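A.B. asks: sharing a model that was predicted from the sequence below.
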Amino acid sequence: MRTKHRQTAARSVQRADRAISEPDDTALFEPGDTAHQLARLAKIVVPAELLQSGLKDYSEQAARRSPDPLSTILRDHVVAMSPPGDPVEIAISAQFRILALACVVRDRFLEEWVQRGDPDGIVLFHGSLFMAAAVEPLMLFPPDGIGFDPVSLRRNVLQLAAVKGSA
């Protein structure tokens with residue numbers, strides 16, 4: 001059974017498939033191999049700071065009504081951070097993780113770690129959510145969906161919050 005967050009994540013994959021090539025049209029992957037592409041991207045290590053700073057910058061730009069695409073902001077952060085690996089792949093994996101986290105939060109699986117009620121509709125995420133999203137395995141859902149298991153993510157957030165003393 002697919003939940004709403006899994007369906008939304010699946011649609012984000014379709015959009016990312018179109019953005020997966022470099023500006024010079026050199027494909028990162030062979031066309032038509034979505035399952036292989038997603039499996040590879042799901043395994044990429046993403047720093048929690050990338051998720052947090054990328055989403056923060058995107059939100060600030062959106063509030064000014066002049067946002068760059070999230071993928072562009074994440075790519076710029078990856079380049080500045082220079083973690084090991086392909087910057088484009090890391091940025092795409094980070095975007096999948098942010099979208100999957102947003103879907104889980106939207107479906108109210110993690111209410112204890114979000115603050116709602118801003119007049120502009122801004123939702124604040126506790127730092128433990130970003131830490132958990134950075135290490136939680138992304139799951140592949142047939143035919144081409146990707147997202148988090150909300151129960152596993154919640155358990156991971158609880159463990160991380162307990163370690164930090166902020167449960």
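C.D. replies: Right, received. Where do you want to start?

A.B. asks: contacts, neighbours, all on C-alpha from now
C.D. replies: Fine.

A.B. asks: name the nearest residue to Ile146, ignoring sequence neighbours.
C.D. replies: In space, not counting the residues next to it along the chain, Ile146 is nearest to Leu140; the distance is 4.6 Å by CA to CA, 6 or more residues apart in numbering.

A.B. asks: how many neighbours does the one you found have?
C.D. replies: The local packing count at Leu140 equals 19, with neighbours defined by other CA atoms under 10 Å.

A.B. asks: can I assume it sits in a helix?
C.D. replies: No: going by DSSP: H, G, I helix; E, B strand; the rest coil, the assignment for Leu140 is strand, not a helix.

A.B. asks: can you give me the distance of it to Phe130?
C.D. replies: Using CA to CA, to the nearest Å, Leu140 is found at 20 Å from Phe130.

A.B. asks: show me where the protein has its helices.
C.D. replies: Listed in chain order, the helices of the chain (DSSP state H) span 4-19, 34-42, 48-63, 70-81, 87-106, 127-135, 150-164.

A.B. asks: and the angle for the third one with helix 70-81?
C.D. replies: With axes from the mean of the first three to the mean of the last three CA atoms, to 10 degrees defining the directions, helix 48-63 sits at 130 degrees from helix 70-81.

A.B. asks: low-confidence stretches in the protein?
C.D. replies: For the chain, the stretches flagged by pLDDT under 70 are 1-33, 113-116, 118-124, 144, 163-167.

A.B. asks: 50 instead?
C.D. replies: By pLDDT under 50, the weakly predicted segments of the chain are 1-29, 167.

A.B. asks: ok, back up a step: contacting residues for the residue nearest to Ile146?
C.D. replies: With contacts taken as CA atoms under 8 Å, 6 or more residues apart in numbering, Leu140 has the following neighbours: Ala35, Leu38, Ala39, Ile146, Gly147.

A.B. asks: what sits against Ala39?
C.D. replies: Contact partners of Ala39, counting by CA under 8 Å, 6+ apart, are Leu140.
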